[in-house]
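>>> Just to be clear, the model below is a prediction. Sequence and coordinates:
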Amino acid sequence: MKAKAKLNLINSAWGVSFLSAVMAIAIGLLFGLVILLVSNASEALSGFAAIIQGGFADGAKGIGDVLYNATPIIMTGLSVGFAFKTGLFNIGSSGQFTMGAFAAVYVGIKWTFLSGSSHWIVALLAACIAGALWGLLPGILKAVANVHEVISSIMMNYIGMYFVNMLIVSNIHDKIKNQSLPVLKSAIIPKAGLDKIFGSQNINIGILIAVLMVVIIYFLINKTTFGYELKACGYSKDASKYAGINARRNIILSMVIAGALSGLGGGLLYLAGSGKYLQVVDILAPQGFNGISVALLGMSNPIGILFAGLFIAHITVGGVNLQLYSFAPEVIDIIIAAIIYCGAFALLFKNIIFKFSKKKVKEDESI
Amino acid sequence: MDYVIEMNNITKRFGDFKAVDDVTLKVERGEIHALLGENGAGKSTLMSVLFGLYTPEAGEIIIDKKKVKINNPNDANDLGIGMVHQHFKLVHNFTVLESIVLGKEDTINGFLKMDEARKKVEKLSDRYKLKIDSDAYISDITVGMQQRVEILKMLYRDNDILIFDEPTAVLTQQEIEELMKIMRELTEEGKSIIFITHKLNEIKEAADRCTVLRKGKYIGTVDVKTTSKEQMSEMMVGRKVSFIIEKSDVKNLSPVLEVKNMTITNKFTKKSVVKNVSFDVKKGEILCIAGIDGNGQSELVQGITGLMAINSGHIFLNGKDITKKSIRHKCIEGIAHIPEDRQRYGLVLDYSLKENAVLQTYYQQRFQKNGIIKFDAVRDYAKKLISQYDIRSSQGEDSIVRGMSGGNQQKLIVAREIDRNPEIVIAVQPTRGLDVGAIEYIHHQLLSQREDGKAVLLVSFDLDEVMNVSDRILVMFEGEIVGDLNPKSTTVQELGLYMSGSKRSDSYESKSKA
C-alpha cells in the first residue's frame, strides 16, 4: 500500500491527464506527418516544422494571432468542460455561441444610445444572456422531463443557426455582402495596447477576459459549495440524491452557465474588430465543436482547457504557414482534424494509463 | 489418501503483495471440503488459480493424480471443475431447461435437440433429488430453485469437482438445510465439493474437513467433527472473537420513528412493493427488519429516507410529520442512513475521503463561508473521523474512495452517519461482504448508538445478525409485515418460516390495523 502513495507523474491524477493529452497530440501530429508525406514527401518535413512552429514562426504577430484564435475556443471549451463536470454533455455549444454572437452584434449595431465606454461591456453581457438562454432550455428539459441534453441541445444548435439567420436578415442585414452590418466603434472590445505589443490588428483584451473566466470557473468548480454539488451530481447522481443535493436545480444552473460561457465566446469573437461578420449561411458555428475537442484535450480542467485552446490555436496559425510549402490548404484542415480527433481519444488514453498504473493496486484489492 | 485435487505450495503474487503465499489445499474424493477465511484471506484468489483465471508463480496442481496446467476456465471445465457463483449467472427470460443447456447445446443440422437434453436433465434431477420445473422461467422461480439450476448446470457438464462460492448468502434457513442435504447427496454419488464460506455454523453442519486461510497464508486443515467453532474462528481471525453480543435491556420506550400505513407501488408494474406497513422504532432500541432479499425492505427504507416516493402513508420523526420533507430536511432532522448499495448511494466514488466525509454537511457554517468551502476545516474533520473510527486508506484523507477497500468504505459511511449525531440510524445490510473484524466493529457502533438512547432500524438478510443484534424483529414478506418477534423467544427455524411466507402472526396483523 505504501508504494501507491509515491507521487510520481503516472500516479497523480494531474500527471495522468497531462500524459494522455500529450499522447493524443503526439499521435495526431504523427498522423499529420503521414498525410504530408503522402501528399508531397519532399516538402513534408519543412511543412511539418511549420505546423510545430505554429505562431512562433511570425514573431510577436504570430503569437498575437494565436491568442486571438484561442479566445473563442477557450470559451466554448470551458463551456463544454464545465457541463462535463456536472455529468452533462453540452453539445449545444455551437448554438449558444451563435446566439451570443448575434446578441453582441445586435447590441453593437442597434443600441446606439450606449455610445460610451460601457457599450462593449453591455454587448458582451447580452452575449452571455443569449447563450445562457440557449443553455437554459435543454437544462430545463433535462431536469424536469429527463430529455437527454445531447438531443435537445443538438436541436437547439439548428434552431439557433436558422433563428440567427432570420434575425440578421430582418434586423441588421448588409444585403450586398449577405452578412451582418459592422458594429459601432464603441462596441468593439478595447485593445489596450495589445495590438501595438504584438503588432497584430486582431488581438484585444478578449483573451484576458477568457483567462479571467478560466480562473473564475476553476475557482467555482474547485473551491465553492456550488462546485462541490455540481461535481457530486456529475460523478454520481444517486449519491448526490442521497446527500440531499437538489440535482434539478444544479442541472439547470450548469447548463445556463455553460451556455453563458459559449455565448460570451461568440461575443468575444465578433466584437474583436478583426473584420469578422456574421454570415447568413446554413453552417453550424465550428467553434462550438472545437470546444468539445478542447474540453476533451484539456480533460475538462479549466487550466487544461486554457492550454488546450492555446495549442489548437497555435497549430491553426501554423497551418496557415503550411501553405508556403505548396501544400493544398485542405491538408491543413485534415491535420487539425486528426489532432482534434485524437483529442477525443484523450479520455481513452487516460483510461489506459490509469488502468496500467492502477492494475497492481486493483489486483491487491480483488483478493 | 485418494485426493481428487492437490494444490501444493501455491503462491500467487501481485507485485510485491503475496495474495496467496505457499498454500496447500488437498481435497479427498467424495468429501465436502470447506475453505474458510475472512475477506482478503486469499480464498477467491486460490479458487481463481484452480479455475485458470490466474497463473500461480509457484506450486503445482494435481488433479486425479495427474499434474496439470490450467490456463483458462475452459481447461478447468475439461478437467471436470465447475463452480456455482455467489451471484447466479442465469438468463432471466430463459426456461430452466434452456438455462441448463445454454453453452452446451447439441444440435442436428443447426436445430436444437432439446428432447435429449430434457431426458438428461430429468435423469440428473431425479438422481440427485434436485427438484426443478424444467419449463418454468428463471424469473419466476425461487432463489433456491435457481441455485439448483446452477448445480444442475455443473452436473449436465459432467463436472466432478464442484466449487460453491458462499452459496447460502441468499437462502432462507429452510433452503440452506435443503442445500446441505443436496451437497451430501452429491458427495455420496462420488462428487467432491469445495465449499467457500465464512459461516462457521454451516461448516460445522455440512463439511468433512476445513482448510483455513488467513492473510494469504495457509493456517491449517482440520477435521470439522473434532474442532470447535471457537477454534476455527480463532484460526481464521488470529484472535478470540466473541459471538455473543452483550447488551442491556431496552429502557426507554418513547418512539423515535413511526411509520403509518405506508404503501409504495412500482411505477411500471403497478404492483405494490410495500403494502400498508406500520411500525415504530423506540429510543434505545434496535429494530430489525428480517426477510429474504426483494420482499420490499429496500423500498421501505428508501420510502422513509426519501430516495423513493411513497404512494400513501405517513412518517413521523419524534412526533413530527416528515412524510413530505426533502432528503436534506430529513437529514437535518436526524435521520442517518447507511444505504444498502454503499457504492451507488453512500459515496461519491471519485471524490476523496475528505470530500465524502462532508457529503451531507458541506453547506454548514463550519465547512463553508459565503459559499466557499473551508478545505482546512474539511480536512481536519476527515482526520478526526479517520482516527476516531479507524478508517484505513493509503493516502489518508486525500485517498480517492474508489480505491479503498469495501470494509473501509463502509467504515467511512458509518463514521460519517454516526458522527452527525442522528436521532435514528437506518442501516441496510451494513455488514454485507465485510470480514469478521469489520462486522464486529459495525455491530459495536450500532450497539453504542443504542446505548446512547438512539434508535436503530436495521435491515438484514443475515439471520445470525438478526438474532444477535436486534431487540425486536419484524419479518417482511411480499411487501407486508408478517411477524413481530422477540429474538430471545424465537428460533432461526421459526424466523425462516415467517420469511418464506409459510407462517404469519395474527397478533401483529391485528395490531397494525388498530
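Nice, I can see it. These figures come from a predicted structure and were not determined experimentally.
>>> where does chain B have low pLDDT?
B:1, B:39-40, B:169-170, B:240-252, B:506-514 (pLDDT under 70).
>>> And it, split by domain according to the record?
B:3-237, B:242-334+B:422-514, B:349-420 (automatic domain parsing).
>>> Distance to chain A and mean neighbour count for those - can I get that in TSV?
Every residue, glycine included, has its C-beta placed from N, CA and C. Listed next are the domains of chain B as TSV, based on distance: least, CB to the nearest CB, whole Å; neighbours: other CB atoms under 10 Å in any protein chain shown:
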stretch	distance to chain A	mean neighbour count
domain B:3-237	4	18
domain B:242-334+B:422-514	3	18
domain B:349-420	4	19
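>>> how about these in TSV, adding distance to residue A:89?
Below are the domains of chain B laid out as TSV (distance: least, CB to CB, whole Å):
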stretch	distance to residue A:89
domain B:3-237	32
domain B:242-334+B:422-514	26
domain B:349-420	17
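>>> Of the ones you listed, which is nearest residue A:257?
Comparing the domains of chain B by their distance to residue A:257 (CB to CB), the top pick is domain B:349-420, with 14.3 Å.
>>> End to end on the closest one, go ahead and measure it.
21 Å (CA to CA, to the nearest Å).
>>> before we move on, the earlier item: residue A:203: which of the domains of chain B is closest?
Judged by CB to CB, the one of the domains of chain B that comes nearest to residue A:203 is domain B:349-420, at 33.5 Å.
>>> list the helices and strands the one helix or strand residue B:230 maps to packs on?
Under the criterion of DSSP states H and E, residue B:230 resides in helix B:229-237. Counting contacts by 3 or more CB pairs under 8 Å, 6 or more residues apart in numbering or on different chains; DSSP states H and E, helix B:229-237 packs against strand B:32-36, helix B:200-206, strand B:209-214, strand B:217-223, helix B:436-451.
>>> now the ones you listed as CSV including distance to residue B:121?
What follows is the helices and strands packed on helix B:229-237, written out as CSV (distance: least, CB to CB, whole Å):
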stretch, distance to residue B:121
strand B:32-36, 24
helix B:200-206, 25
strand B:209-214, 31
strand B:217-223, 36
helix B:436-451, 39
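>>> Double-check that residue B:325 belongs to a strand.
No. Looking at residue B:325 with DSSP: H, G, I helix; E, B strand; the rest coil, it is coil, so not inside a strand.
>>> wait, it sits on residue B:333?
Yes. Contact status for residue B:325 versus residue B:333: in contact at 7.3 Å, counting by CB atoms under 8 Å.
>>> now the strands: where do they sit in the stretch 1-150 of chain A?
Assigned by DSSP state E, counting those that start in this stretch, the strands in the stretch 1-150 of chain A number zero.
>>> Helices of that one, start to end?
Along the stretch 1-150 of chain A, the stretches classed as helices by DSSP state H, counting those that start in this stretch are A:13-39, A:41-53, A:59-85, A:93-110, A:119-145, A:149-171.
>>> Rounded mean pLDDT for the fourth one, please.
Looking at helix A:93-110 alone, the average pLDDT works out to 96.
>>> ditto for the second one
Helix A:41-53 shows an average pLDDT of 85 in the prediction.
>>> rewinding a little: weakest of the helices of the stretch 1-150 of chain A by average pLDDT?
helix A:13-39 has the lowest average pLDDT among the helices of the stretch 1-150 of chain A, namely a mean of 80.
>>> what's the angle from it to helix A:41-53?
150 degrees (axes from the mean of the first three to the mean of the last three CA atoms, to 10 degrees).
>>> on that earlier part again, can you name the next helix or strand after the helix holding residue B:230?
Elements were assigned by DSSP H and E; along the chain past helix B:229-237, the next helix or strand is strand B:255-265.
>>> who does that next one pair up with?
Note on strand B:255-265: by DSSP bridges, its sheet partners are strand B:272-282 (antiparallel), strand B:312-317 (antiparallel).
>>> closest one to residue B:80 among the ones you listed?
Nearest to residue B:80 among the strands paired with strand B:255-265 is strand B:272-282 (42.6 Å), distances taken as CB to CB.
>>> Next, the residues that contact the closest one from outside, please.
The contact list for strand B:272-282 (CB atoms under 8 Å, 6 or more residues apart in numbering or on different chains) reads B:250, B:252-266, B:287, B:296, B:299-300, B:303, B:310-311, B:313, B:424, B:455-457, B:474, B:476, B:478-481, B:484, B:512.
>>> mind redoing it with 7 Å?
B:250, B:252-266, B:287, B:296, B:299-300, B:303, B:424, B:455, B:457, B:474, B:479-481, B:512 (CB atoms under 7 Å, 6 or more residues apart in numbering or on different chains).
>>> Over to stretch A:96-112?
Taking CB under 7 Å, 6+ apart as the rule, stretch A:96-112 contacts A:76, A:79, A:122-124, A:126-131, A:134-135, A:160-161, A:164, A:167-168, A:171-172, A:180-181, A:183-184, A:187, A:259, A:262-267, A:269-271, A:278, A:285, A:287-288.
>>> Select only the buried ones of the residues you listed in ChimeraX?
Buried subset of the contacts of stretch A:96-112, written as a ChimeraX selection, criterion 16 or more other CB atoms under 10 Å in any protein chain shown:
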select /A:76,79,122,123,124,126,127,128,129,130,131,134,135,160,161,164,167,168,172,180,181,183,184,187,259,262,263,264,265,266,267,269,270,271,278,285,287,288
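>>> what angle separates the helix holding residue B:230 from strand B:217-223?
160 degrees.
>>> what about residue A:325, how many neighbours?
Neighbour count of residue A:325, defined by other CB atoms under 10 Å in any protein chain shown: 18.
>>> quick one on the thing from earlier: output the strands paired with strand B:255-265 in JSON lines, with distance to residue B:465 appended to each entry.
JSON lines is the format used below for those (distance: least, CB to CB, whole Å):
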{"stretch": "strand B:272-282", "distance to residue B:465": "17"}
{"stretch": "strand B:312-317", "distance to residue B:465": "25"}
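>>> what's near enough to touch the residue in the stretch 101-250 of chain A positioned nearest to chain B?
For the stretch 101-250 of chain A, the nearest residue to chain B under the criterion CB to the nearest CB is residue A:244, separated by 3.1 Å. Counting by CB under 7 Å, 6+ apart, residue A:244 touches B:326-328, B:331, B:360.
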